[in-house]
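My questions are about this predicted structure, shown below with the sequence.
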Amino acid sequence: MSFPPAPERFFASDNFSGAHPRYVSALERANSGHMMAYGGDAITKHATSLFEELCGTDVDVLFTFNGTGANIVALGSLLQSAESVICSEWAHIHVDETGAPEHMLGIKLQDVNSPDAKVTTAHITAAASALGNVHHVQPGVVSITQATELGTVYSIEEIRAVCDTAHSFGMRVHLDGARISNATASLGGDVATFRALTFGAGVDAVSFGGTKNGMFGAEAVLLRRGVASDRSGFIRKQNTQLPSKMRYTAAQFVEALTDDLWIQTAGHANAMALRLYNALSHIESLQIVRPAVNSLYPVLPVAVKERLQAWNFFWDWDLSRSQVRWMTSWDTSPDDVDAFAAGVLAAFSAQ
Ligand SMILES: Cc1ncc(COP(=O)(O)O)c(C=O)c1O
């Protein structure tokens, strides 16, 4: 069989894309002269104040190099000795961080069975039965991912219920927001939506992702003041996530937060996933669900999958059912989507 020309960009991951030109320009502007290191510079102070404004409540802001590190700093700042973290079986902290939270923090993760990758109030209530028993690790933090690792999105009400239940047992709530921008764009697309689904709903710590949304290795940890440890700065350094030339990380967030670029780029990625869905949803065997954010999880006949992966690479997701992940990015174009969809149709017609 012959495939049409491959799209210019891949549909494997939002990590495959380069940096948005505006972040590259921001890096260039920050690249001038000497400045205080380790966050003592004016750019970091500016980015911090923009985050404080965004959150609408008192937060401590800690910039980090990557998302795994952000999660470790956030969890380390919320946990006490002998406590565990409740998370879904799909959670990145559980399956995709090489055991880093356990290794770096010496903690236990308690993953719960969750076909849609969401933690529910029932999970939290069940785990709480261990509280007070000296033989059991004490559930101290609930970690949710928004958008989840399966592309599902918690509603604001669901997050509020998770937080209320966790707090009623004295637990704190961490939100892994590697794709918080995509969730924000999906649920309303403005700053009020971000506030409502994070600190407004009761979340205590957010790992705010920048890299998957067009930045050059930039993440931030946002900690509710008074709940998270005031030792978070030490926790970051001890876990090797304190950038010495922090101005470069911060400059990208200044650019993102000044005019909501972070919401626009994520909204674009979401729209491209929807375009792909619209082009292919008539193929029932794909079993694709209308995407809430920037990913689709189709099921493909093995032969079709292998032909397509050789033509334009993407990742397997659940090998046991030949499920894959297609993901769009801030720079995915409508032409890319149309070319990719044409390839999928060609692979099916050659069956
Ligand atoms: C849900 C989630 N959390 C965190 C991360 C951060 O990972 P990294 O340490 O590669 O930046 C990722 C990246 O794939 C992710 O998907």
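That came through fine. Residues are numbered from 1 along each chain as shown.

Would stretch 141-161 count as contacting the ligand?
Yes: against the ligand, stretch 141-161 shows contacts by C-beta under 6 Å from any ligand atom at 145, 149. Just so you know, the C-beta spots here come from the backbone N, C-alpha and C atoms, and that holds for glycine as well.

just checking, residue 146 touches residue 159?
Yes: counting by C-beta atoms under 8 Å, residue 146 does reach residue 159; the two are 7.3 Å apart.

for the helix of greatest length in the chain, the distance to its chain's centre please.
Longest among the helix segments of the chain by residue count, using DSSP state H, is helix 261-280. Computed by C-alpha atoms, centre = their mean, to the nearest Å, the chain-centroid distance of helix 261-280 equals 16 Å.

Same check on stretch 284-301?
For stretch 284-301, the distance to the chain centre is 19 Å (C-alpha atoms, centre = their mean).

quick one: buried residues of it?
For stretch 284-301, a neighbour-count test (16 or more other C-beta atoms under 10 Å) marks 286, 288, 291, 292, 293, 294, 295, 296, 297, 298, 300 as buried.

okay, how far is it across that stretch, tip to tip?
Start-to-end span of stretch 284-301 (C-alpha to C-alpha, to the nearest Å) is 12 Å.

Can you tell me what sits against it?
Residues from elsewhere that reach stretch 284-301, judged by C-beta atoms under 8 Å, 6 or more residues apart in numbering: 14, 147, 150-153, 179, 182-183, 185-186, 266, 269-270, 272-274, 276-277, 280-281, 308, 317, 321-329, 351.

let's see 6 Å
With contact meaning C-beta atoms under 6 Å, 6 or more residues apart in numbering, stretch 284-301 is reached by 147, 151, 153, 182, 186, 269-270, 273-274, 277, 281, 317, 321-323, 325-328.

Model confidence for the residue of the chain found nearest the ligand, exactly?
The nearest approach of the chain to the ligand comes at residue 67, 2.2 Å away (C-beta to the nearest ligand atom). pLDDT, residue 67: 98.

Surely residue 117 is within a helix?
No: Residue 117 sits outside any helix when classified using DSSP: H, G, I helix; E, B strand; the rest coil, being coil.

separation between the residue of the chain closest to the ligand and residue 178?
The gap separating residue 67 from residue 178 is 5 Å, by C-beta to C-beta, to the nearest Å.

Ignoring the adjacent residues along the chain, who's closest to the spatially most central residue of the chain?
Taking C-alpha atoms, centre = their mean, the centroid of the chain lies closest to residue 178, which sits 1.8 Å from it. Leaving out its chain neighbours, the residue that sits closest to residue 178 by C-beta to C-beta, 6 or more residues apart in numbering is residue 209, at 3.9 Å.

show me what contacts that neighbour?
Residue 209 makes contacts with 67, 177, 178, 219, as judged by C-beta under 6 Å, 6+ apart.

same deal with residue 128?
Residue 128 makes contacts with residue 169, as judged by C-beta under 6 Å, 6+ apart.

by contact count, what packs against the longest helix of the chain?
The contact analysis (3 or more C-beta pairs under 6 Å, 6 or more residues apart in numbering; DSSP states H and E) places helix 261-280 against helix 180-187, helix 334-349.

Figure out how far the longest one is from the centre of its chain.
I take that to be helix 334-349. Offset of helix 334-349 from its chain centre (C-alpha atoms, centre = their mean): 27 Å.

same question, the shortest one
Distance of helix 180-187 from the chain centroid (C-alpha atoms, centre = their mean) equals 10 Å.

Can you point out the buried residues in the helix or strand following it?
Later in the chain than helix 180-187, the nearest helix or strand by DSSP states H and E is helix 191-197. The neighbour-count check on helix 191-197 (16+ other C-beta under 10 Å) flags 191, 193, 194, 195, 196, 197 as buried.

Only C-alpha atoms, please: export helix 191-197 in CSV.
Presented in CSV, the C-alpha positions along helix 191-197 are these (Å, rounded to 0.1, in the frame of the first residue of the first chain):
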residue,chain,number,x,y,z
VAL,A,191,-8.1,32.7,34.6
ALA,A,192,-11.3,32.3,36.7
THR,A,193,-11.5,28.7,35.5
PHE,A,194,-8.0,28.0,36.6
ARG,A,195,-8.6,29.5,40.0
ALA,A,196,-11.9,27.6,40.4
LEU,A,197,-10.4,24.2,39.5
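
wait, does the helix or strand following it contact the ligand?
The element immediately downstream of helix 191-197 (helix or strand, assigned by DSSP H and E) is strand 205-209. No: Strand 205-209 stays clear of the ligand (C-beta under 6 Å from any ligand atom), getting no nearer than 6.7 Å.

Does the helix or strand following strand 205-209 pack against any helices or strands, and if so which?
As assigned by DSSP H and E, the chain's next helix or strand after strand 205-209 is strand 219-224. With contacts taken as 3+ C-beta pairs under 6 Å, 6+ apart, strand 219-224 sits against strand 59-64, helix 67-78, strand 205-209.
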